[in-house]
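Colleague: generate a structure from the sequence data that follows.
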Amino acid sequence: MKTSNVKFRALIIPLIIGISFWLCTPVRPTGVSVTAWHMLLIFLATIIACITQPLPIAGVALTGFTIMILLRVTDFETAITAFSNKTVWLIAMAYMISRGFAKTGLGKRIALLFVKHFGQKTLGLSYAIEAIDLVTSPATPSNTARAGGIIYPIIKSLSEVFNSNPKDKTERKIGSYLIFSEFHANIVTSAMFMTAMAPNLIAIGLANSFGIKISWMEWFIAALLPGIICLLTVPFIIYKLYPPEIKETPNAKKWAEKQLATMGHISKRELSMLFIFIIALLLWMFSSILNLDATLVGFIAVLLLLFTSVLSVDDVLKEKGSWNVIIWFSVLIFMANELNTLGFIPWLSKTISHAMSGMGWITVLIIISIIYFYSHYFFASQAAHVTAMYSALLGVAIAAGVPGKLAALMLAFVTAIYASSTQYANGPASVLFGSNYISQKHWWSLNFAMGIYYLIIWLGVGMVWTNVIGIW
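Modeller: Numbers count the residues shown, from 1 in each chain. Modelled structure (predicted):
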């Protein structure tokens, strides 16, 4: 009988890294406190363990959480606040909303309608999903709500319609491709519109403190050309890099029509689910006007699902994906935020600033954008990252002679595209990776390739385009 699923060999590298950093504490960089250095080593060891996976990711996170307290890097009362993060709970609510789509059959019905109208080719389905994200993004300031609450249920149902399920090892049929395509559609739309995610608004506020004012329309026009290029090319690039096994479904329309006929008219429970979903969508879209937090909207939606009996309390308790995310994502976000609070991230920003004195402004802008992008491996939140580093790097750019509005926009675009990194990069990443349709190996390798592509488009084409439209 198998008594343990612990892979002890997978602990070797994280332990070596952790112990090595601990022994280097006396020779740590000047300006980095002992506590910040210890938090860095625990964070790095935890991330490496998430890759080697001696335990499932939730187990790894709990291990890092416990070690962090045992080593007195933080006290228990402070550490436990990790589980109060709003973004994490929004993700959990998105999983539960998705369960309502599956339980009522509404998700399957919507998926069949997609197959009926766009199902001749898998590539066509991905562009249709991208269009949904594009249409809803300007008025949905939570990219997590958009990816997790609106689109993920549709993709999950589409995958099940084509018998693509990670439990059966059939995720590569179609589900993996659609999940990864939506993740990148979400990245692109988040960069295109100022109001497509909250970190964009943080960036605008920080730029304003430098006297740089950017209107909604200026942002949109500046992002228009690189955004269109990405919208047109990204689904196709992913199709080539990570092709689905099911590429064409020539009989899909007739088959979908037959399935819809078998399902019959929409049921009362489906109507309840649809009505609650529309309420949630509208509240997310107009949350800023109504002064409603996106996470609160998620709770409202789940509560309505419970009171209409679309979901039961048992359904909520059995939603493994949501509770799994609450554990691992909460811990990683907390550790990353502590690196900022304890002074490591500010030290890193100042070090970068001093290292680039005397360079030409175009070179400086490119370098700080690349540093800003790849430093996201140290963060589990776009909002935390933009708060920690955006102002410092914008200050470096302006001091080097970069036109203020150009620097503010380029760094703001990078704030969206650096989500193309890890499974903990932002809320949508944790939702979609947590669906188990894509392995960690593929998530990191494919995102690394896509990240390079985004840097070329958003920095290269973006700088030329902003010159053409008169930003600088």
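
Colleague: tell me which residues touch the residue nearest to Gly124 when sequence neighbours are not counted, please.
Modeller: In space, Gly124 comes closest to Phe118 once its chain neighbours are excluded; the distance is 4.7 Å by CB to CB, 6 or more residues apart in numbering. Backbone N, C-alpha and C define where each C-beta goes, glycine included. By CB atoms under 8 Å, 6 or more residues apart in numbering, Phe118 lies in contact with Gly124, Leu125, Tyr127, Ala128.

Colleague: who wins for neighbours among these?
Modeller: The most neighbours of any of the contacts of Phe118, using other CB atoms under 10 Å, belong to Leu125, which has 29 neighbours.

Colleague: one step back: how close does the residue nearest to Gly124 sit to Leu112?
Modeller: 11 Å (CB to CB, to the nearest Å).

Colleague: one more: Ser209?
Modeller: 50 Å.

Colleague: more neighbours: those two, which one.
Modeller: Leu112 (24 against 9).

Colleague: for the more buried one, give me its contacts.
Modeller: Val161, Ala256, Gln259, Leu260, Met263.

Colleague: how about Cys230, what does it touch?
Modeller: Contacts of Cys230 (CB under 8 Å, 6+ apart): Val188, Ala191, Tyr454, Ile457.

Colleague: TSV for the residues you listed, including secondary structure, distance to Ala198 and pLDDT?
Modeller: Putting the contacts of Cys230 into TSV (DSSP: H, G, I helix; E, B strand; the rest coil; distance: CB to CB, whole Å; pLDDT from 0 to 100) gives the following:
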residue	secondary structure	distance to Ala198	pLDDT
Val188	helix	17	97
Ala191	helix	14	96
Tyr454	helix	20	97
Ile457	helix	23	97
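
Colleague: any idea how many residues pack against the closest residue to Val60 other than its chain neighbours?
Modeller: Closest residue to Val60 apart from its sequence neighbours, by CB to CB, 6+ apart: Ala49 at 4.5 Å. If you count neighbours by other CB under 10 Å, Ala49 ends up with 24.

Colleague: thought Leu62 was touching Ala49, still the case?
Modeller: No: between Ala49 and Leu62 there is no contact under CB atoms under 8 Å: 11.1 Å.

Colleague: before we move on, the earlier item: can I take it that the residue nearest to Val60 is in a helix?
Modeller: Yes: membership of Ala49 in a helix is supported by DSSP: H, G, I helix; E, B strand; the rest coil.

Colleague: next up, the contacts around it.
Modeller: Ala10, Leu11, Pro14, Leu55, Val60, Thr63, Gly64.

Colleague: and the spatially closest residue to Phe65 that is not a sequence neighbour, how far from Ser430?
Modeller: Of all residues not flanking Phe65 in the chain, Val331 sits nearest, at 4.8 Å (CB to CB, 6+ apart). With the distance defined as CB to CB, Val331 ends up 12 Å from Ser430.

Colleague: for Gly298, which non-adjacent residue is spatially closest?
Modeller: The nearest residue in space to Gly298 (CB to CB, 6+ apart) is Met93, at 3.0 Å.

Colleague: what does the pLDDT read for that neighbour?
Modeller: In this model, Met93 is scored at 85, pLDDT.

Colleague: so for the helix ranked longest in the chain, what gets flagged as buried?
Modeller: Across the chain, the longest stretch assigned as helix under DSSP state H is helix 216-241. Under the neighbour-count criterion of 16 or more other CB atoms under 10 Å, helix 216-241 has 218-219, 222-223, 225-227, 229-231, 234-235, 237-239 buried.

Colleague: what's the helix or strand following it packed up against?
Modeller: The helix or strand immediately downstream of helix 216-241 is helix 252-263, counting by DSSP states H and E. Using 3 or more CB pairs under 8 Å, 6 or more residues apart in numbering; DSSP states H and E, the elements in contact with helix 252-263 are helix 106-118.

Colleague: and the angle for the helix it packs on with helix 252-263?
Modeller: 150 degrees (axes from the mean of the first three to the mean of the last three CA atoms, to 10 degrees).
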